[in-house]
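K.L.:
would you be able to build a 3D model of this:
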Amino acid sequence: MVMNRIEISVLKPDAALRACAEVWHALETGEAVTPRLAFGSLHELFSTITEKRLDLLRQVAAHDGLTIRQLANALGLDYTNVHRDVTNLVDLGLLDLGTDGGLSTLYDEILIHDD
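P.N.:
Now for the predicted structure:
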C-alpha cells in the first residue's frame, strides 16, 4: 500500500527559497515530490496546526465521510468552532470536504518537524 505523506516544517526564508527551488527542479525533471507545508516559526506552525485540529484530523481519518456536524457531535465540541477549524484544515490542504458534505483526509501520514 502506498502511503500519502505530507511534511510540515519550520523554515527560515533562505531555506524556504532553497526548498522551493529543489521542488521546482524535481517537478521539471519528472521526479516525485513529497507535499510540504512550511511555516516561518514554531509559533506560526502551532497556532495554525493546533492540538485540537490534529484531533479533528485523527477523528476524520478513523471515520471517513463524517460531516462537520457529525464530527462536532462525535467529539462533543461546538459546531461553530469545528466548522472554523475544518475550514482552516481544508484551506491548508489537509482535509477534503466532498460535495456531499463528507470529510476525508488527504494524507495517511503527517510528519511535523523543525528543520
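K.L.:
how about the contacts made by the most centrally placed residue in the chain?
P.N.:
By Cα atoms, centre = their mean, the chain has its centre lying nearest to Leu94, at 2.9 Å. With contacts defined as Cβ atoms under 8 Å, 6 or more residues apart in numbering, Leu94 is in contact with Ile6, Leu57, Thr105, Leu106, Tyr107, Ile110. C-beta here means a position set from N, CA and C on the backbone, and glycine is covered the same way.
K.L.:
in helices, which of those fall?
P.N.:
The helices, defined by DSSP state H, take in Leu57 from these.
K.L.:
average pLDDT for stretch 96-115?
P.N.:
Average pLDDT, stretch 96-115: 90.
K.L.:
report the buried residues of it.
P.N.:
Leu103, Thr105, Leu106, Tyr107, Ile110 (16 or more other Cβ atoms under 10 Å).
K.L.:
same check on stretch 52-68?
P.N.:
Quick answer for stretch 52-68 (16+ other Cβ under 10 Å): Arg53, Leu56, Leu57, Gln59, Val60, Ala61, Leu66, Ile68.
K.L.:
please verify my assumption that the first one contacts Val90.
P.N.:
No: under the criterion of Cβ atoms under 8 Å, Arg53 is not in contact with Val90, lying 11.2 Å apart.
K.L.:
so which of the buried residues of stretch 52-68 belong to helices?
P.N.:
Taking DSSP H as the definition of helices, the buried residues of stretch 52-68 contribute Arg53, Leu56, Leu57, Gln59, Val60, Ala61, Ile68.
K.L.:
which residues does the third one contact?
P.N.:
With contact taken as Cβ under 8 Å, 6+ apart, Leu57 is in contact with Leu89, Leu94, Leu95, Thr105, Ile110.
K.L.:
same question, the first one
P.N.:
With contact taken as Cβ under 8 Å, 6+ apart, Arg53 is in contact with Asp85, Asn88, Leu89.
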